[in-house]
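Participant: what's the 3D shape of this:
(chains A and B)
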Amino acid sequence: MDAITTLLQSYDVPAAFWMTVKLTVLSALGALVIGTVVAVCRVSPVGVLRGFGTAYVTLVRNTPLTLIVFFCAFGLLNTLNLSLAPAGSPTEVVDNNFRYGVVALSVYHASFVAEALRSGINTVPQGQAEAARAIGLGFGASLREVILPQAFRGAIAPLGNTLIALTKNTTVVATIGVAELAYLMRGMIEFNPSLLYAIFLLVAACFVLLTLPTGLLFTALSRRLVVQR
Amino acid sequence: MSVPAVLFDEPGPRARARHRVLGVVGALVILALLALVVRGLADPDNSQLTAEKWSPFLDGETWTAYLLPGLAATLKAAGAAVVLSGVLGVLLGLGRLSQARVVRGVCGALVEFLRSVPVLVMMLFVYYFCIFVLGVLGDTSTFVGVVGGLTLYNSAVIAELIRSGVFALPRGQREAGLAIGLTPRQTLVTVLLPQAVTAMLPSLISQLVVILKDTALGYIISYTDLLRSGTTLSSAYGNLIPTLIVVAVMFIVINYALSLVARLVERRLQTARRGPRPVDGAVPQGAVDAPAAVPDGTAVR
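Facilitator: Here you go, the predicted structure:
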């Protein structure tokens, strides 16, 4: 216990924790938006868009996240000089790394969101789509008014799993120097090797604190919001 | 895949025309984005598309000195992690199904803990444990770090897969095993476990993709995997983007082949199985509160 008190006093653990939360929330929003677009593309009547959706999911899901993070930070930022922060601002480097971290996490997890939504769409009985068409709704309207609302409710469990995976995967952006929990952990161990166990337990506890409630919440939500059939 | 077909009517002439227009617009947007990327790459400031940035990949030495050893290291770490986490995962999974409440509780808590801690955090822990506690340095410590981190995490995932596989079996299987005089443990090991493993085979193969992708995390503890040998190579030729693209293609080809195998196995199991399948090839019943078994057999990292 002493060790943990020492660590909490000499390192800004709450700041790193907050950084992990920020990364998670922003990337989750980004992934949800991109993922929904890709999922809609995958079920659309237009062949080109279907192809795009399938290609996106296949390519992104099979690439390691570390590589995507790398590509964003070292490829887009350092090699192609595509900056996401105003040039010359005092926090330019930090901002750029953080924003590209969010971009990489969003792009990667969007493919899992798209797959979750597609499995959600598969839980909607065919009769629903047929009924929507029968009352004269087009593809867009039937998707928007009938299919997607039910698909989201059916996809809550896999979406929750994706969110938990995303929370844990935020650690990967430690590679590009975003000061979140894994980055802090590394620094703490390098300077306090004797406190190895305490440091591990502290960081692990932070993640349990984040993922356990998420899991419980989504299990409860998926039970509650499931479409009774 | 039958649902998309009913989402829209068989298009008539006007809808077909509209779809054609939308298709062209969509294609143009995608092409425009691609053009933007290509222009950025070809920009004289970056010049990532010049022959000299790509020609190293035609040189045999690039492959024998960097990429293939990197790939071998990645496969070696992934293979070791697969074997170890398979063994540990089955043990943990059986522990969770044990009759003894203490064993069940301990294994359950362990699985839940291991599943909620990121792979990278465990890799860092095992790596520094090697260095500071065991006093092992160099290549051994990075290898043990990668394999240890991957094993701890994935054995928990496999344990969950096994558990939900056993729960998904018809109750009669267990009752039949007990009825012919097998002890509960014998029933579990000789009757339930083989069936559970077979039923979860597609998900288990999908987990291989996850393990293979996660070896790239070894970069952070400087394990010379495919990604790190790629970046070493690129610092020699100043061609980071071409290298990353080549490395990505290598990963995608291997992982895509693995997912094809998973799908093939799933289809064969479906045709081999007698009687109706539980829920549209999705989560077996009883797996609702076991988030490890992601519906439709896809594994989330």
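Participant: what kind of secondary structure is A:V178 in?
Facilitator: coil (DSSP: H, G, I helix; E, B strand; the rest coil).
Participant: A:L216 versus the closest residue to A:L217 other than its chain neighbours, what's the distance?
Facilitator: Nearest-residue entry for A:L217: A:G160, 7.5 Å, with adjacent residues in sequence omitted and distances by CB to CB, 6 or more residues apart in numbering or on different chains. All C-beta spots, glycine's among them, are computed from the backbone N, C-alpha and C. Distance of A:G160 to A:L216, computed by CB to CB, to the nearest Å: 10 Å.
Participant: which one's more surrounded, those two?
Facilitator: A direct count of neighbours by other CB atoms under 10 Å in any protein chain shown for A:G160 and A:L216 places A:G160 higher, at 21 against 12.
Participant: tell me the helices and strands packed up against the helix or strand harbouring that one.
Facilitator: Applying DSSP states H and E as the criterion places A:G160 in helix A:156-169. Where contact means 3 or more CB pairs under 8 Å, 6 or more residues apart in numbering or on different chains; DSSP states H and E, helix A:156-169 is packed against helix A:13-43, helix A:92-123, helix A:196-225.
Participant: and it, C-alpha only, in PDB?
Facilitator: Output of helix A:156-169 as PDB, limited to C-alpha atoms (Å, rounded to 0.1, in the frame of the first residue of the first chain):
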ATOM      1  CA  ILE A 156     -25.500  -3.600 -28.200                       C
ATOM      2  CA  ALA A 157     -23.600  -6.600 -26.900                       C
ATOM      3  CA  PRO A 158     -21.000  -6.700 -29.700                       C
ATOM      4  CA  LEU A 159     -20.800  -2.900 -29.600                       C
ATOM      5  CA  GLY A 160     -20.000  -3.100 -25.900                       C
ATOM      6  CA  ASN A 161     -17.300  -5.600 -26.600                       C
ATOM      7  CA  THR A 162     -15.800  -3.300 -29.200                       C
ATOM      8  CA  LEU A 163     -15.900  -0.400 -26.700                       C
ATOM      9  CA  ILE A 164     -14.100  -2.500 -24.100                       C
ATOM     10  CA  ALA A 165     -11.500  -3.500 -26.700                       C
ATOM     11  CA  LEU A 166     -11.100   0.100 -27.700                       C
ATOM     12  CA  THR A 167     -10.500   1.100 -24.100                       C
ATOM     13  CA  LYS A 168      -7.700  -1.400 -23.800                       C
ATOM     14  CA  ASN A 169      -6.300  -0.600 -27.200                       C
END
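Participant: the longest helix in chain B is where?
Facilitator: Looking across chain B with DSSP state H, the single longest helix is helix B:240-272.
Participant: the closest residue to A:R42 other than its chain neighbours: what's it in contact with?
Facilitator: Residue nearest to A:R42 in three dimensions, not counting chain neighbours: A:G53, with 3.5 Å by CB to CB, 6+ apart. Neighbour list for A:G53: A:38-44, A:114 [criterion: CB atoms under 8 Å, 6 or more residues apart in numbering or on different chains].
Participant: if you count neighbours, what's buried in the longest helix of chain B?
Facilitator: Buried residues in helix B:240-272, counted by 16 or more other CB atoms under 10 Å in any protein chain shown: B:240-248, B:250-252, B:254-255, B:258-259, B:261-262, B:265-266, B:269.
Participant: how about that helix and chain A, touching?
Facilitator: Yes. Helix B:240-272 reaches chain A (CB under 8 Å from any CB of the partner chain) through B:240-241, B:244, B:247-248, B:251-252, B:255-256, B:259.
Participant: can I get the residues you listed in TSV with pLDDT?
Facilitator: What follows is those, written out as TSV (pLDDT from 0 to 100):
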residue	pLDDT
B:L240	82
B:I241	83
B:L244	87
B:V247	89
B:A248	90
B:F251	90
B:I252	92
B:N255	90
B:Y256	90
B:S259	87
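Participant: nearest to B:L217, of those?
Facilitator: B:F251 (12.9 Å; CB to CB).
Participant: which residues touch that closest one?
Facilitator: A:62-64, A:67, B:212-213, B:216, B:226.
Participant: give me that answer again for 10 Å
Facilitator: The contact partners of B:F251, by CB atoms under 10 Å, 6 or more residues apart in numbering or on different chains, come to A:62-64, A:67, B:71, B:74, B:209, B:212-213, B:215-216, B:226-227.
Participant: tell me how far the worst-scoring helix or strand of chain A on mean pLDDT is from the chain's mean position?
Facilitator: Using mean pLDDT, DSSP states H and E, the weakest-scoring helix or strand in chain A turns out to be helix A:2-10, at a mean of 80. Distance of helix A:2-10 from the chain centroid (CA atoms, centre = their mean, to the nearest Å) equals 31 Å.
Participant: can you tell me if that helix touches chain B.
Facilitator: No. Helix A:2-10 is not in contact with chain B by CB under 10 Å from any CB of the partner chain; minimum separation 14.3 Å.
Participant: alpha carbons of that helix, as PDB, please.
Facilitator: Extracted in PDB, the C-alpha atoms of helix A:2-10 (Å, rounded to 0.1, in the frame of the first residue of the first chain):
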ATOM      1  CA  ASP A   2       2.900   2.300   0.800                       C
ATOM      2  CA  ALA A   3       4.300   1.800  -2.600                       C
ATOM      3  CA  ILE A   4       1.100   2.900  -4.300                       C
ATOM      4  CA  THR A   5       0.900   6.000  -2.100                       C
ATOM      5  CA  THR A   6       4.400   6.900  -3.100                       C
ATOM      6  CA  LEU A   7       3.500   6.400  -6.800                       C
ATOM      7  CA  LEU A   8       0.400   8.400  -6.600                       C
ATOM      8  CA  GLN A   9       2.300  11.200  -4.900                       C
ATOM      9  CA  SER A  10       5.200  11.300  -7.300                       C
END
